[in-house]
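Novice: Provide a 3D model corresponding to the input given below.
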Amino acid sequence: MNVLVVDDERRMARAIQRGLAAEGFAVQVAYDGEDGLHLAREGGFDVIVLDIMLPKINGYEVCRRLRAEGVWSPILMLSAKDGEYDQADGLDLGADDYLTKPFSFVVLVARLRALMRRAAEP
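Specialist: Presented below is the predicted three-dimensional model:
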């Protein structure tokens, strides 16, 4: 299970990477929207964990561009922006799920597995 984590908070991104690797996921990390967009286009990821407040290109725009280009890997927005309009914007732009920081790692893993199960259904 290949996961792309796009988060500019390096400590957070590395912690997620270590935790997901311990759960058996193969994880790549990008620290800004531009690199995240490039990797998402090229990587064939089973799921993408995408922060909103990113340098260079924000997560909303990354999500919008990926969907416009036909990249349909499930996207879980992971953000400190916890307003209902922030969540609605992310989902309306094509994200499949939205989780606010701080978050439970157990819940993050469960949501990623659920997204991958749905993506694998015929």
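Novice: ok, which stretches of this protein are helices?
Specialist: 10-22, 33-43, 59-68, 84-92, 105-120 (DSSP state H).
Novice: so the third one versus helix 33-43, what angle?
Specialist: Between the direction of helix 59-68 and that of helix 33-43, the angle (axes from the mean of the first three to the mean of the last three C-alpha atoms, to 10 degrees) works out to 30 degrees.
Novice: In helix 59-68, which residues are buried?
Specialist: Within helix 59-68, the residues that qualify as buried are 59, 60, 62, 63, 64, 65, 66, counting by 16 or more other C-beta atoms under 10 Å. The C-beta positions use only the backbone N, C-alpha and C, and glycine is treated the same way.
Novice: cool, and the first one?
Specialist: Neighbour-count burial for helix 10-22, counted by 16+ other C-beta under 10 Å, picks out 13, 16, 17, 20.
Novice: Give the other helices and strands that it contacts.
Specialist: Counting contacts by 3 or more C-beta pairs under 8 Å, 6 or more residues apart in numbering; DSSP states H and E, helix 10-22 packs against strand 2-6, strand 26-30, helix 105-120.
Novice: do you know which of those lies nearest residue 41?
Specialist: Residue 41 sits nearest to strand 2-6 of all the helices and strands packed on helix 10-22, at 10.5 Å, using C-beta to C-beta.
Novice: For that closest one, enumerate the helices and strands it packs against.
Specialist: Right, strand 2-6 is packed against helix 10-22, strand 26-30, helix 33-43, strand 47-50 by 3+ C-beta pairs under 8 Å, 6+ apart.
Novice: before we move on, the earlier item: the helices and strands packed on helix 10-22: which one's closest to residue 49?
Specialist: It is, among the helices and strands packed on helix 10-22 and with distance given as C-beta to C-beta, strand 2-6, at 4.6 Å.
Novice: Give me the residues contacting that closest one.
Specialist: 13, 16-17, 20, 25-33, 35-36, 39-40, 43-51, 54, 59, 62, 73, 112 (C-beta atoms under 8 Å, 6 or more residues apart in numbering).
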